[in-house]
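Q: sharing a model that was predicted from the sequence below.
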Amino acid sequence: MQQVASTDLEQRRTMPFRSTGGGVVFWLLAACMMLYLVGPLVYFLFVLPWSAVSSTLSDPDAVQALITSAMSATIATMFMTLFGIPLGYVLARFTFPGKSIVSVAIYLPLVFPPVISGIILLILFGPYGLIGGPLANAGWEIDDTLAGIVLAQIFVAAPFVVVAARSAFESIDPHLEQVAATLGHHRWSLFWRVSLPLARGGIIAGLILAWMRALGEFGATVVLAYHPYTIPVFTFVQLSSVGVAGALPLALFSLGLSVIVIGAIVIVQSRMGRSNVL
Amino acid sequence: MIGSHYTGQSEQFLTSTEGAAAKASHASEPPGALSVAIRREIVGFILDIIFNVPHGLTVLFGPSGAGKSLTLQAIAGLFSLDSANIALDGIVWHDSTNGFYLPPQRRRVGYVPQNYALFPHLTVEQNIFFGLKVRGRQGNQGNQRVSELIELMQLKGLERRRPAQLSGGQQQRVALARALAPDPLLLLLDEPFSSLDAAVRETLREEMRALHERIHVPIVLVTHDAAEARALADTIVVIQQGRVLQVNTPDEVFRSPQTRTIATLVGMHTCWSGSVSAIAPLPQMPHTPASQQTLTLQTDGLSLHACIPATMLVHTGQRLELGIRTDEIRVFPGKQSVESINEQTPPMALIPGTVIRDQPKGSFHSITVQLETGQRLDLPMIVREIHDAGLGVGSLVTVGIPVSAVHVFEG
C-alpha cells in the first residue's frame, strides 16, 4: 500500500512530456499570484520599526494578551480533540439518517463571516441568551470571559479537526478493521489499535491547524468576548488607538508563529506520510 | 438442513436458484461441514448463494464480479444480509429466521483479504500477535504461539520488519500466520495469489496445499483462475452473477460441467450440438458399467459416441448439447483408417483434417485443425508430440475423438 503510494508520487513528479512553449502564459499568471501573496510580507519586514519590537512585546498588556490567547487556544484544541475526532470517525465509518446534512453543516463555520458566527453564539451564550442567561444568573458569565473566547474559537476552528479526522479515517483500508474484527477486536479496541494510529498524521495536522485558527480568531471573539484581550483583539485595539506603528510589532509576532505552525504541519505530514490537510 | 430452517423463505430460495443450486442443497444429502444460504439485494445485483461443502479446501470459483468475495465476507459476518443461514459443523453462526447472529468477533474465522490487509504500523511479530491479545493468550503463551507460527510460515529473521519491507509472498505468509494464530475454525482466503508474480504463484499454491494438509483447518478460497481452482480444490463451488451453478469435485466440474455456461468458465470452449441416432452398447465397448449408457450421436456429418449416466433419460432423435474434452483427442499424421491404427484403442471417431495454425502457449502448443466435415478444433499438444508426428501448418492429419472426449450436458 505505501509502496504503491510512493511510486504514484514519483510518477506525478516527473512530467510525461517536455514543455514546448505556451508554458509562458502559466508562468506569467502564476508569478502575479506569487508576487501578490509574498510581496506584502516582504515589504512588511522592511517597514517594520524593529527598534519598537522588544518594548511593545514586553508591554504587560501584550504579555497578558499572549497568555490569554495561548491558554484559550490550547483549551479549545483539547475540547476539539475530545469531541471532534469522534465526530470525524462517526462520519467516516457509520451511515445514519441526516448524515449528508451534518456533513455540510460542519463546513458552515468555515465559510460564515466570523462576525456572524459570533452573533449566533451571542444569542445562545450571551447574558440574555438561551444558555448564557441561566448561567449568568447562577454567577457563571460566559461573555467577556475566557470561557466565551474558548467557545468562539471552538465554533470557528473545530471543522478543521472534524474534516481532517474524517478524511484520515476514510483513507484507511476498511479491510484492516474487518480483519481486526475477525481477530476478536470490538469497535473500541480496533479504534485504538488500528484506526487511530493509522489516522494519526492527518489528525495531528488538523489539530495544529485548528490551534492556529483558534489563536488567530478575531471576528467571533470580538462579538462574544471582547475582554479579556487575545492577541488579535489586542492588535486591533492598538491599531485603533495608537495606529499602525503600535500594531506592527504584534503583527510580526503573529506572522512568526504562523510560519512555525505551517512548518510543523509540513514536518508532521512528511513524517506520517499522508496529506489530508495541506 | 436448509429446507427445514427456511420454512418461510425456502420457496424464494428454491425458485431463485434453479438446477444446480437446488440440487446441491437438496434435503436428502447429508449436511456439509459448512452450510451457507445467504441472500442480499444490492442495487442492480442479487447475491443468492446456497451450498453445502464437506471439510477440506473449498474453492469459490467464478468470473470477477460474480459475488465470490461478498460471499466470503458474509461467512465471516462482515457483510450484512437480507436473509441468511450459515453454520459450521452444525453450529449456527447466522440464522435470520430466528434473528440469531454471531458477530465476526466470535466466529473464530481467519480472514485474509485480497490485499492481505496487514497492519502497516505494526511489525510482523505484532501483526501475528494481534488476534492473541483478546483471546486470553497473553504473555508467554502468546509469544510461544507467535514463534510457532513464525517457524511454520518460514518467517524467521523478519520478525521486526514492517509489512512495507516485505515481498508479496512474505506478506501473504504473514497474513496467513496472523489468521492462524488464534486457532480459527475456518480459514477464508480471498484471491490469495492474484497479486503475486506467476513464478511465485505456482510455488505458493503448492505450499498452500501442503499447509492445508498440516493444519487440518477447513479452507474456503476465492479465485477466478481455473487452473488454480483445479490444482487446489477438494470441492469447487462455481458462482456466476450471484448464483451457485455447480458444486462438485474439480474433476467433475472440469470434465463434466453441468451447463454450457459452466463449460465456458472452466475452459471447455468446443461445444457442438448433435442428435441421438442410437442408444445401444457399443460392440467395441462390451464392459459398459451398469451406471452408464452409450449413445451414438450425429453432428454436422460427424458420428460420435458418448457415455452418459444411466439415469439420464434420452430418446432417439433428441438434440443434445455436447462439450468436447480437447485434451482427450488424439492426432495421427496423414490419412488413417481404423485398421491402420494398430493399437488397442477405445472406440474412436476418425476424421481427416488439416493443421491450419500452431500457437505456442507456454509449456504446450495449441494446434488448430480444420476438419473435412467443417468443424474446427483447438487441440493442446506438447512439443515432442508435434515433432514426432512431423506436424506443421498445412499437414494432413487424422483426428481421433474417443468416447471419453465427448461430454453430454444434462441441461
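A: Looks like it came in fine. This structure is a prediction, so every number in the text was calculated from the model and none was measured.
Q: next, give phi and psi for B:Val237.
A: B:Val237 adopts backbone torsions of phi -110, psi 110, taken as degrees, to the nearest 10.
Q: how close does it sit to chain A?
A: Separation of B:Val237 from chain A (Cβ to the nearest Cβ, to the nearest Å): 21 Å. Just so you know, the C-beta spots here come from the backbone N, C-alpha and C atoms, and that holds for glycine as well.
Q: longest helix of the chain?
A: No chain specified, so I'll use chain A. If you go by DSSP state H, chain A has its longest helix at helix A:60-93.
Q: you looked at the wrong chain, it should be chain B
A: Longest helix in chain B, counting by DSSP H: helix B:198-215.
Q: C-terminal to it, what's the next element?
A: Downstream of helix B:198-215, the next assigned helix or strand under DSSP states H and E is strand B:219-223.
Q: what's in contact with that next one?
A: With contacts defined as Cβ atoms under 8 Å, 6 or more residues apart in numbering or on different chains, strand B:219-223 is touched by B:34, B:53, B:56-61, B:68-69, B:71-72, B:75, B:186-194, B:208, B:212, B:229, B:232-233.
Q: pull up the pairing partners for it, direction included.
A: If you go by DSSP bridges, strand B:219-223 pairs up with strand B:57-61 (parallel), strand B:186-190 (parallel).
Q: tell me the centre residue of chain A?
A: In chain A, the C-alpha nearest the mean C-alpha coordinate belongs to A:Ala210, at 2.3 Å (Cα atoms, centre = their mean).
Q: related to what we said a few turns ago, now the longest helix of chain B: mean pLDDT?
A: For helix B:198-215, the mean per-residue pLDDT is 84.
Q: returning to what we had before: kindly reformat the strands paired with strand B:219-223 as CSV containing mean pLDDT and mean neighbour count.
A: Formatted as CSV, those follow (pLDDT from 0 to 100; neighbours: other Cβ atoms under 10 Å in any protein chain shown):
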stretch, mean pLDDT, mean neighbour count
strand B:57-61, 95, 27
strand B:186-190, 94, 24
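Q: please name whichever of the ones you listed is nearest to B:Gly99.
A: strand B:186-190 (22.6 Å; Cβ to Cβ).
Q: just the CA atoms of the closest one, as CSV, please.
A: Taking Å, rounded to 0.1, in the frame of the first residue of the first chain, the C-alpha atoms of strand B:186-190 are listed here in CSV:
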residue,chain,number,x,y,z
LEU,B,186,-12.3,-21.9,9.3
LEU,B,187,-9.9,-20.1,7.1
LEU,B,188,-11.2,-17.6,4.4
LEU,B,189,-8.8,-16.6,1.7
ASP,B,190,-9.8,-14.0,-0.9
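Q: check which helices and strands the helix or strand just after the longest helix of chain A sits against.
A: Once the chain leaves helix A:60-93, the next helix or strand it forms, by DSSP H and E, is helix A:99-105. Contacts defined by 3 or more Cβ pairs under 8 Å, 6 or more residues apart in numbering or on different chains; DSSP states H and E place helix A:99-105 against helix A:60-93.
Q: buried set for the helix it packs on?
A: Within helix A:60-93, the residues that count as buried by 16 or more other Cβ atoms under 10 Å in any protein chain shown are A:62, A:65-66, A:68-69, A:72-73, A:75-77, A:80-81, A:84-85, A:87-93.
Q: same check, this time on stretch A:143-163
A: A:143, A:146-163.
Q: just to revisit the earlier point, in the longest helix of chain B, which residues are buried?
A: Within helix B:198-215, the residues that qualify as buried are B:201, B:204-205, B:207-208, B:211-212, counting by 16+ other Cβ under 10 Å.
Q: which single residue in the stretch 301-411 of chain B comes nearest to chain A?
A: Here the residue of the stretch 301-411 of chain B nearest chain A is B:Gly362; by Cβ to the nearest Cβ that distance is 28.7 Å.
Q: quick one, grab the pLDDT at A:Ile260.
A: 87.
Q: how near is it to A:Ile267?
A: Going from A:Ile260 to A:Ile267 by Cβ to Cβ, to the nearest Å gives 11 Å.
Q: repeat that for A:Val244.
A: Distance from A:Val244 to A:Ile267, by Cβ to Cβ: 34 Å.
Q: up against chain A, what does chain B have?
A: Selection of chain B residues close to chain A by Cβ under 8 Å from any Cβ of the partner chain yields B:73, B:76-78, B:103-107, B:109-113, B:115, B:117, B:119-121, B:130-131, B:133-135, B:164, B:178-179, B:182.
Q: try 6 Å this time
A: Proximity of chain B to chain A, by Cβ under 6 Å from any Cβ of the partner chain, involves residues B:76, B:78, B:104-105, B:109, B:111, B:113, B:117, B:121, B:130-131, B:134-135, B:164.
Q: near chain B, which residues of the stretch 151-278 of chain A? Just list them.
A: The stretch 151-278 of chain A comes close to chain B at residues A:175-176, A:178-179, A:181-186, A:197, as judged by Cβ under 6 Å from any Cβ.
Q: what's the first-to-last distance across stretch A:120-136?
A: 18 Å (Cα to Cα, to the nearest Å).
Q: picking that back up, secondary structure element holding the residue nearest to the centre of chain A?
A: Using DSSP H and E, A:Ala210 sits within helix A:196-215.
Q: contacting residues around that helix?
A: With Cβ atoms under 6 Å, 6 or more residues apart in numbering or on different chains as the test, helix A:196-215 has contacts from A:69, A:73, A:76-77, A:80, A:153, A:157, A:160-161, A:164-165, A:168-169, A:172, A:261, A:264-265, A:268-269, A:272, A:274, A:276-277, B:121.
Q: check the burial of B:Pro289 by counting its neighbours.
A: 8 (other Cβ atoms under 10 Å in any protein chain shown).
Q: typo on my end, it should be B:Ser64
A: Counted with other Cβ under 10 Å, the neighbours of B:Ser64 add up to 8.
Q: do you know how far the closest residue to it other than its chain neighbours is from chain A?
A: Nearest non-adjacent residue to B:Ser64, counting by Cβ to Cβ, 6 or more residues apart in numbering or on different chains: B:His224, 5.5 Å away. Going from B:His224 to chain A by Cβ to the nearest Cβ gives 19 Å.
Q: swap in B:Ala233?
A: In terms of Cβ to the nearest Cβ, B:Ala233 sits 23 Å off from chain A.
Q: that residue touches B:Asp251, doesn't it?
A: No - using Cβ atoms under 6 Å, B:Ala233 makes no contact with B:Asp251, being 9.9 Å away.
Q: those two: which has the busier surroundings?
A: B:Ala233 (25 against 11).
Q: OK, contacts around the closest residue to that one other than its chain neighbours?
A: In space, and not counting its chain neighbours, B:Ala233 is closest to B:Val59: 3.8 Å by Cβ to Cβ, 6+ apart. By Cβ under 6 Å, 6+ apart, B:Val59 lies in contact with B:221, B:229, B:232-233, B:236.
Q: if we go to 8 Å?
A: B:220-223, B:228-229, B:232-233, B:235-237, B:250.
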